[in-house]
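Colleague: Using only what follows, build the 3D model:
(2 chains)
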Amino acid sequence: MMETSKKHWLYLEPYCYLNSDERSGVIHNLLDKSIKIFDISPDVACLMTSLRDYNNGYCIQIDEKMLSKNSVVAFICDLRELFCGDILDCENHREKPFVFYPKLKILKDKSDKIHIGENILYKLKELYLFINGSCEFNCIDCDKIHKQTFHCTKASGILNIKDIQRVITTLEESNLKKIHITGGDIFSHPDLDNFIDMLNGINCEKVYYVHYKNFMKFKDEINTILRGNVSIRVLVNFPIDETIFNNMIIRNCT
Amino acid sequence: MKAILTKTDFNNHYYIARKSKLIGYLHPEIYKYFQNTESDIISTQNPKYSQFKSDEKYYERKYSFLKEHILSNETKEINNCTRRIEEVHIKDGLDNIEQVVFEVTSSCNLKCRYCAYGEFYSYTHTQENRNMDFSTAKTVVDFFVRRFNTPDNKSFKGTTFISFYGGEPLLNMGLIKKIIEYIKGLEVNRNFIFSMTTNGVLLMKHIDFLVDNSVRLLISLDGDNEGNQYRVDRLGFNSFPVIISNVKLIKEKYPDFFKEYVNFIAVLHNKNSVESIMYFFKKNFDKVPMIAPLNTSGILPEKTEEFKNIYHDYIDSINRSNNLNRIVTELGAKSPEIRDTFIFCKQYGGTFFEDYSELFSNNATLFPTGTCFPFGRKMFIATDGSIHTCEKIDYRYSFGSVIDKTIRLNSKFIVETFNRYLDNISKSCSSCYMLESCPHCLYLIDDIENENAKCPGYLNYEDFSKKCSTILSRLEKNREMFNEIVNDIIFV
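Modeller: You can find the predicted model right below:
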């Protein structure tokens, strides 16, 4: 009969990744990318939960009783076969081995107890503001924005200046370097002057997108408030309306 | 070079794979393979665990696996420390400067025996009793404000520390007030935090302004009266009574400011100890001070023996304490043991990264030493307008100057000079096992201007293995420390 009081250390290697759901478990060796997926028993689920608890340091104590269960033995065999873990008897190894468990730490997140994904805004480099959807034209490429090709597009609704202000305030501590402003026809936004004025106060590059057919609505007074690191990109699609296009060129480039 | 094997106080064996960035426990059966040639190993089926149907040579297979995937990466003959800085590093540092330190005066109202410009050191100094003028400071501030307002400044509303240093900065309070008022009147997308290192003698005279402007104070005080006896005035009297009186008054008059904005730095020597310093500040102010050992570089040869008498090592001092665990706990992140362990975990554990982009980089080449890039962290401007990368290094390593309201910085010169020093030390670094976690600044290496300069912190295999053993033994005994390091502590 097996001695049930005998204790063992079950430890994982630092390159081992464990995960499980209600039905399956996975052991992944991050060095050779080998992987084992298996049906999980309640005993093994319990073991895996304890092993994955970082407070246990990737090493837990188990007794012979636990080791007499087939599912546990199979799990440990899998761990060993993938070189992802092993056991030691506690009698000869009173102090459990120290395992450098692989918990990701990003130092420049600066706040303590942070997990990857938190402070996500800090990684944000560019912002697209779709400020309004109204436009009087029906261009062939109008829906291309939804196909990962940039083009202005018609839609209902309007982003009011309060909401834009709220977004900008939220992003104050981010790493934002560029803001793209698009519509619809952005010149039909009722609060465009104030909106541009607000963006001028932000220290990053601003790019305004205007369809060439709407460009004739460009008011000179807007030109005076576009300050700093600003550019306007004119969107063109074909077949081109040469009259409108030429007028635009004549008015703005000569 | 090879993977480090080490044994802890509990007789556990570990490998430290520097290239693979992995620290692993070695099962005793595997460790046998490291001790012997493979032919000496008898089949090692584990008889105690007969329920595991491993083949007879399981541990031999696992050893081969470790060898193939981890240990084989470690066999390069030397460290590849050929990385050098480029002008873009300088520009990036200046565009995003984290701290600007003004030496507002070189005058001091104390004459501390261990001062860097005192009797023990060979450091060169700018002219004594000189004050910086406002024009110099304004030129520097304007230089950075222009950079903060360009897209090359990476952080919208980031923070820059404006720090006042001396001499004793409070002796030129007029300039400090002008600088603070000027900066507060600027329109710039940057947060500024003001800070000052002071001996505290003149604090009561200026405290209202300092409180009104939330100036963070780091007060130099070496503990109690006995511990403070090297901090003397011009007549040789211990400055302790004056300083303690001032500090207690501030605590009484401005308790919130004192709690949040006042901290202490104590220098460790033969008249105090880590324990006595800790006890003093805890009892009187409920604070944990910074504790710094004496600077060991630049010592005049004729003063070496005398210096050795007053020098005390930080970790030795902690270990001599009767309350070792309490001290380490109270020191927390300020404990050199935790810092040491943190750096070890960061450099060799493979799961600590500076930022998200580092997750995707794999720099096989390293910079020699652990020196910060010029202006990567701060700029120090001396009273004479000379520009330096840090206040802790000798004035002769100047990188530029403020002349006629203009900043004279030549990136090419800075890069060439810095890289020449890296070249000089790289031979020493190339065979040093400590390179990835090197804490040494090349400017504090006495013979850095010589080709084949020698680093005082050089560690060979045996020395580094011992260091690893000390740290891993510490982690085995204090697992909570590791959890704290992983979850709570950040050094940047």
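Colleague: quick one: secondary structure of A:Ser231?
Modeller: Here A:Ser231 is recorded as strand under DSSP: H, G, I helix; E, B strand; the rest coil.
Colleague: now do the one 3 residues further on
Modeller: Using three-state DSSP, the structure places A:Val234 in strand.
Colleague: A:Glu242 versus the nearest residue to it once chain neighbours are set aside, what's the distance?
Modeller: What sits nearest to A:Val234 in space, not counting adjacent residues and going by Cβ to Cβ, 6 or more residues apart in numbering or on different chains, is A:Tyr212, at 5.2 Å. Every C-beta, even on glycine, is put in place using the N, C-alpha and C of the backbone. As defined by Cβ to Cβ, to the nearest Å, A:Tyr212 lies at a distance of 11 Å from A:Glu242.
Colleague: Between those two, which is the more surrounded one?
Modeller: A:Tyr212 (18 against 8; other Cβ atoms under 10 Å in any protein chain shown).
Colleague: Could you pull up phi and psi at the residue nearest to A:Val234?
Modeller: phi -60, psi -30 (degrees, to the nearest 10).
Colleague: which residues sit in contact with it?
Modeller: A:Val234, A:Leu235, A:Val236, A:Ile240, A:Ile244, A:Phe245, A:Met248 (Cβ atoms under 8 Å, 6 or more residues apart in numbering or on different chains).
Colleague: Which two among the residues you listed are spaced furthest apart?
Modeller: Greatest spatial distance among the contacts of A:Tyr212 (Cβ to Cβ): A:Leu235 and A:Ile244, at 12.8 Å.
Colleague: who has more neighbours, the two?
Modeller: A:Leu235 (18 against 15).
Colleague: Which residues are in contact with A:Lys6?
Modeller: A:Asp63, A:Glu64, A:Asp89, A:Cys90, A:Glu91.
Colleague: Setting the sequence-adjacent residues aside, check what's closest to the third one.
Modeller: Nearest residue to A:Asp89 in three dimensions, chain neighbours excluded: A:His8, at 5.5 Å (Cβ to Cβ, 6+ apart).
Colleague: Can you name every helix or strand that the helix or strand containing the one you found contacts?
Modeller: Here A:His8 sits within strand A:7-12, counting by DSSP states H and E. Counting contacts by 3 or more Cβ pairs under 8 Å, 6 or more residues apart in numbering or on different chains; DSSP states H and E, strand A:7-12 packs against helix A:42-52, strand A:59-63, strand A:85-89.
Colleague: tell me the most buried of these?
Modeller: strand A:85-89 (a mean of 21; mean count of other Cβ atoms under 10 Å in any protein chain shown).
Colleague: quick one: strands adjacent to that strand?
Modeller: Looking at strand A:85-89 with DSSP bridges, its partner strands are strand A:7-12 (antiparallel).
Colleague: Give the burial count for B:Glu416, as a bare number.
Modeller: Quick note: B:Glu416 (other Cβ under 10 Å) scores 13 neighbours.
Colleague: What segments of the stretch 101-250 of chain B are strands?
Modeller: Here the stretch 101-250 of chain B has its strands, by DSSP state E, counting those that start in this stretch, at B:158-165, B:190-198, B:216-220.
Colleague: Around the closest residue to B:Phe194 other than its chain neighbours, how many other residues sit close by?
Modeller: Nearest in space to B:Phe194, with sequence neighbours left out and distances taken as Cβ to Cβ, 6+ apart, is B:Val215 at 4.4 Å. Applying other Cβ under 10 Å, we find 24 residues neighbouring B:Val215.
Colleague: Hmm, B:Val215 is touching B:Thr198, no?
Modeller: No - proximity of B:Val215 to B:Thr198 does not meet the contact threshold set by Cβ atoms under 8 Å, at 9.6 Å.
Colleague: how about low-confidence regions in chain A?
Modeller: Counting by pLDDT under 70, chain A shows low-confidence ranges at A:1-5, A:109-120, A:122-123, A:144-148, A:173, A:219-222, A:224-225, A:252-254.
Colleague: now with 80?
Modeller: Low-confidence segments of chain A (pLDDT under 80): A:1-5, A:107-124, A:143-150, A:170-175, A:203, A:216-228, A:251-254.
Colleague: Tell me where it has strands.
Modeller: Ranges of strands within chain A are A:7-12, A:16-20, A:24-29, A:35-39, A:59-63, A:85-89, A:105-106, A:116-119, A:126-130, A:178-182, A:205-211, A:230-235, based on DSSP state E.
Colleague: Return the distance of the third one from the chain's centre.
Modeller: It stands for strand A:24-29. Here strand A:24-29 is found 24 Å from its chain centre; the criterion is Cα atoms, centre = their mean, to the nearest Å.
Colleague: Can I get it in CSV, CA atoms only?
Modeller: Output of strand A:24-29 as CSV, limited to C-alpha atoms (Å, rounded to 0.1, in the frame of the first residue of the first chain):
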residue,chain,number,x,y,z
SER,A,24,-9.3,20.8,-21.7
GLY,A,25,-5.9,21.6,-20.5
VAL,A,26,-2.8,22.6,-22.4
ILE,A,27,0.9,22.3,-21.7
HIS,A,28,3.1,24.4,-24.0
ASN,A,29,6.9,24.2,-24.1
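Colleague: quick one: contacts of it?
Modeller: With Cβ under 8 Å, 6+ apart as the contact definition, strand A:24-29 has outside contacts at A:13, A:15-20, A:34-40, A:44-45, A:48, A:75, A:78-79, A:82-84.
Colleague: any idea how far chain A is from B:Val274?
Modeller: Going from B:Val274 to chain A by Cβ to the nearest Cβ, to the nearest Å gives 25 Å.
Colleague: Identify the residue spatially nearest to that residue, adjacent ones excluded.
Modeller: B:Ser317 (4.4 Å).
Colleague: Counting neighbours, what do you get for the closest residue to chain A within the stretch 201-350 of chain B?
Modeller: Nearest to chain A in the stretch 201-350 of chain B, going by Cβ to the nearest Cβ, is B:Gly349, at a distance of 4.9 Å. By the criterion of other Cβ under 10 Å, B:Gly349 has 21 neighbours.
Colleague: Let me see the contact set for B:Cys81.
Modeller: B:Cys81 is in contact with B:Thr365, B:Leu366, B:Phe367, B:Pro368, B:Ser426, B:Cys429, B:Ser430, B:Leu435, counting by Cβ under 8 Å, 6+ apart.
Colleague: Using just helix, strand and coil, how would you label it?
Modeller: Recorded secondary structure, B:Cys81: coil (three-state DSSP).
Colleague: Convert stretch B:481-489 to PDB, retaining C-alpha atoms only.
Modeller: This file holds the C-alpha atoms of stretch B:481-489, laid out as PDB (Å, rounded to 0.1, in the frame of the first residue of the first chain):
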ATOM      1  CA  MET B 481      10.800  39.400  -2.200                       C
ATOM      2  CA  PHE B 482      10.500  37.900  -5.700                       C
ATOM      3  CA  ASN B 483       6.700  38.400  -5.700                       C
ATOM      4  CA  GLU B 484       7.300  42.000  -4.700                       C
ATOM      5  CA  ILE B 485       9.900  42.500  -7.400                       C
ATOM      6  CA  VAL B 486       7.600  41.000 -10.000                       C
ATOM      7  CA  ASN B 487       4.400  42.700  -8.900                       C
ATOM      8  CA  ASP B 488       5.200  45.900  -7.000                       C
ATOM      9  CA  ILE B 489       8.700  47.300  -7.600                       C
END
